[in-house]
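Colleague: dropping the sequence and predicted coords here.
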Amino acid sequence: MTDCELQNIDTEDIGDVLVKVEKSFNINFQGINSMRKIIYSILATSFIFTGCAGIKGQGDNNGWKSLFDGRDINDWFVKIHHHNFGVNYGNTFRVEDGIIKVRYDQYDDFNDQFGHLYYKTPFSYYHLKFEYRFVGELHKGAPSYTLRNSGVMFHSQDPRTMLKEQDWPISVEMQLLGGLSDGQPRPTGNMCSPGTNVVYQGKIASSHCLNSTSKTYDGDQWVKGELIVLGDSLIKHIINGDTVLEYSKPQIGGGTANGYDPQIKIDGKLLSSGFIALQSEGQPVDFKNIWIKELPKPKK
């Protein structure tokens, strides 16, 4: 038994606590009066809890850091089209049951209110892991192409630089699609490029989106996604453990994003870092288990 396994002890069961503390610390409470037993138990248990929390806080997950604590989105920013930065219109992004849920039940018509939930700090070289699933029905008024469609944006501009009427952040998107249960292939883990370009197979990709080689995932099953981002060089998309797309040299350019500050869009500028965001575009979707591991940058 490890010390951290004591986190789930019912502290009201003093006898059980004492047994487990004795086993973990080789302490013999025989001969100690009942009050001292309680004091020793509380002190030992507090030490264990504090020690475990300290170890976890220092990152004993081999460098992995959780971006979502399962309780709230206080470490995240919201920007939704037609609204100012920081306005979580209609409680679009919410936390329930340890999951980030994207919902539109407080909307009327969707009205192109595309939104994004951004982690508070930018990243450059990293490995990102997350899980997602599609649920429910496409909201009234959302574009048909957003059916079972969401995404994870990365190398995004700072959301605080987005104008109220900017629809999409200048960023690169790992597009997430769900199957339509019609027997037709619909890969996920694709690449889309709002206000950006990427190099694919040796040249600037001519299309706004690149399809991956992933399988099709129907229904409301959880799917595991991963991104390996090496600054402004190589990008890899991974779905359920399989590498499904690779490209390089993400840079500002191209179209699709609208309503931006022209001073932000410097075409040809390589993107070596930026913000990570979860997308809302009319389809209810859930996210959980969002982890990041920063990778070493190459020495110059």
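Modeller: Arrived safely, thanks for sending.

Colleague: now do the phi/psi pair for Y89.
Modeller: phi -60, psi 130 (degrees, to the nearest 10).

Colleague: repeat that for F287.
Modeller: phi -130, psi 140.

Colleague: who are the contact partners of it?
Modeller: Neighbouring residues of F287 by CB atoms under 8 Å, 6 or more residues apart in numbering: 68, 99-100, 102, 130-132, 278. C-beta coordinates here come from the backbone N, C-alpha and C atoms, glycine included.

Colleague: if we use 10 Å, what do you get?
Modeller: 68, 93, 99-102, 117, 130-133, 150, 152, 176, 222, 225, 278-279 (CB atoms under 10 Å, 6 or more residues apart in numbering).

Colleague: buried ones in stretch 286-300, by neighbour count?
Modeller: 286-293, 295 (16 or more other CB atoms under 10 Å).

Colleague: if we can go back for a sec, buried subset of the contacts of F287 as a ChimeraX selection?
Modeller: In ChimeraX, this line selects whichever of the contacts of F287 come out buried by 16+ other CB under 10 Å:
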select :68,93,99,100,101,102,117,130,131,132,133,150,152,176,225,278,279
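
Colleague: filter the contacts of F287 down to the ones in helices?
Modeller: Assigned to helices by DSSP state H, none of the contacts of F287 qualify.

Colleague: list just the nearest of the buried residues of stretch 286-300 to V87.
Modeller: For the buried residues of stretch 286-300, the minimum distance to V87 (CB to CB) is 20.2 Å, reached by F287.

Colleague: pLDDT at that closest one, what is it?
Modeller: Per-residue pLDDT puts F287 at 98.

Colleague: what does K20 give?
Modeller: 46.

Colleague: bridging residues for the closest residue to D72 other than its chain neighbours?
Modeller: Once flanking residues are discounted, D72 sits nearest to V95: 5.6 Å by CB to CB, 6 or more residues apart in numbering. Under DSSP bridges, the beta-bridge partners of V95 are I100.

Colleague: now for V95: which residues touch it?
Modeller: Residues near V95 by CB under 10 Å, 6+ apart: 68-74, 76, 101.

Colleague: what is the burial count for N240?
Modeller: Other residues lying near N240 total 16 when counted by other CB atoms under 10 Å.

Colleague: nope, F85 is what I meant
Modeller: Around F85 there are 16 residues (other CB under 10 Å).

Colleague: any idea how far it is from H116?
Modeller: F85 is 11 Å from H116, where distance means CB to CB, to the nearest Å.

Colleague: shared neighbours of these two, which are they?
Modeller: Counting by CB under 10 Å, 6+ apart, the residues touching both F85 and H116 are 77-79, 159, 162.

Colleague: check those and tell me the two furthest apart.
Modeller: Longest span within these, CB to CB: V78 and M162, 11.0 Å.

Colleague: of these two, which one has the most company?
Modeller: Using other CB under 10 Å, the more surrounded residue of V78 and M162 is M162, with 26 against 21.

Colleague: for that one, which non-adjacent residue is spatially closest?
Modeller: Leaving out its chain neighbours, the residue that sits closest to M162 by CB to CB, 6+ apart is K79, at 5.3 Å.
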